[in-house]
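Participant: Structure for the following, please:
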Amino acid sequence: MPTLKLRRSLVPLVLIASATAVAPSAAMADEEPYFSLSANVALMSEYRFRGLSLSEKDPAIQGGFDISTKDGFYIGAWGSSIQGYGTETGGLSELELDIYGGYRTEIGAGLTADVGLLAYTYPGSDGTHYIEAYGSISGNAADLVDWKLGAAYVWGGQANLSNQDNIYLYLDAGVPIKDTPITATGHIAYEDGAFGDGKWDWNLGLAYALQQYTVTVQYVDTNVSGIGEGAVVVGLKAAF
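Facilitator: As a prediction, this is how the structure comes out:
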């Protein structure tokens with residue numbers, strides 16, 4: 001999931017006039033808080049998950065929050081409206097609620113590693129929830145391209161997977177357009193297993209950022225017919 005995050009710095013409540021106290025006060029003011037909170041909301045023309053429309057090509061409302069520590073640990077939740085996911089016997093859900101936690105750290109040479117677990121839940125339905133392990137490495141190439149290479153793995157034996165596992169491999173890229181608030185974005189991924197049989201998905205788009213708001217326009221497509229057919233997806237997102 002790509003999301004803008006704003007960190008809140010500590011604000012000194014008392015100003016000390018003594019010259020000997022100026023340096024310690026400034027240090028305390030600049031110190032990063034141990035915990036930070038970020039949140040996001042979005043209105044999308046449709047909800048595409050790995051190239052597939054989970055909102056049946058209707059608009060979707062989305063949002064979530066993260067709590068992170070300066071040591072790199074984080075937990076969070078994110079949700080989106082969907083269209084009737086589940087089974088007739090187990091009930092249909094109109095909501096996807098993802099709960100996740102992980103660890104993110106710099107590993108040198110300008111690279112960042114991120115690993116964690118994510119639980120996909122669908123309130124109102126039974127036997128549809130599952131857990132996925134994920135990991136990624138991200139960086140910047142030649143001060144021109146921000147990139148992320150990642151993988152997500154679902155092991156078999158979970159409620160709705162029988163004994164089949166699933167692997168998802170992806171590459172994301174973003175190229176900021178010089179002297180503008182616009183970034184060109186791209187994504188390509190391969191999936192195989194319980195949720196895809198040699199499935200590919202990809203997208204190309206633009207993101208326009210203005211303060212905490214971002215407008216995105218993407219062409220999304222897959223090699224799957226029906227809910228995976230190509231479409232232009234537009235979104236308005238805000239981060240807090």
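
Participant: Tell me the buried residues in stretch 68-87?
Facilitator: 68, 74, 76, 77, 78, 79, 80, 81, 82, 83, 85, 86 (16 or more other Cβ atoms under 10 Å). C-beta here means a position set from N, CA and C on the backbone, and glycine is covered the same way.

Participant: Run through the protein and note the low-pLDDT ranges.
Facilitator: 1-30, 86-90 (pLDDT under 70).

Participant: quick one: the helices in it?
Facilitator: 22-30 (DSSP state H).

Participant: So for the lengthiest strand in it, what gets flagged as buried?
Facilitator: Ranked by number of residues, the top strand in the chain under DSSP state E is strand 91-108. For strand 91-108, burial by neighbour count (16+ other Cβ under 10 Å) applies to 93, 96, 97, 98, 99, 100, 102, 104.

Participant: Test my guess that the second one contacts residue 77.
Facilitator: No: using Cβ atoms under 8 Å as the test, residue 96 is too far from residue 77 to be in contact (11.0 Å).

Participant: Residue 231 and residue 220 touch, don't they?
Facilitator: Yes: between residue 231 and residue 220 there is a contact at 5.9 Å, judged by Cβ under 8 Å.

Participant: More neighbours: those two, which one.
Facilitator: Remark: of residue 231 and residue 220, residue 220 carries more neighbours, 22 against 17, as counted by other Cβ atoms under 10 Å.

Participant: Leaving out chain neighbours, which residue sits closest to the more buried one?
Facilitator: Among residues not flanking residue 220 along the chain, residue 203 sits closest, at 4.3 Å (Cβ to Cβ, 6 or more residues apart in numbering).

Participant: can you pull the contacts of the one you found?
Facilitator: 48, 51, 185, 186, 187, 218, 219, 220, 221, 233 (Cβ atoms under 8 Å, 6 or more residues apart in numbering).

Participant: could you redo the last one with a cut-off of 7 Å?
Facilitator: 187, 218, 219, 220 (Cβ atoms under 7 Å, 6 or more residues apart in numbering).

Participant: So what sits opposite it in the bridge?
Facilitator: residue 187, residue 220 (DSSP bridges).

Participant: Export only the CA atoms of the longest strand of the chain, formatted as CSV.
Facilitator: Taking Å, rounded to 0.1, in the frame of the first residue of the first chain, the C-alpha atoms of strand 91-108 are listed here in CSV:
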residue,chain,number,x,y,z
GLY,A,91,-22.5,-14.2,4.1
LEU,A,92,-21.4,-11.4,1.8
SER,A,93,-19.2,-8.5,3.0
GLU,A,94,-19.3,-4.9,1.9
LEU,A,95,-16.0,-4.0,3.6
GLU,A,96,-12.4,-5.1,3.4
LEU,A,97,-10.5,-4.4,6.6
ASP,A,98,-6.8,-5.0,6.6
ILE,A,99,-4.8,-5.1,9.8
TYR,A,100,-1.0,-5.2,9.7
GLY,A,101,2.2,-4.8,11.6
GLY,A,102,5.9,-4.8,10.7
TYR,A,103,9.3,-3.4,10.8
ARG,A,104,11.0,-0.9,8.5
THR,A,105,14.7,0.1,8.6
GLU,A,106,17.5,1.5,6.5
ILE,A,107,20.0,-1.2,5.5
GLY,A,108,22.7,1.0,4.0
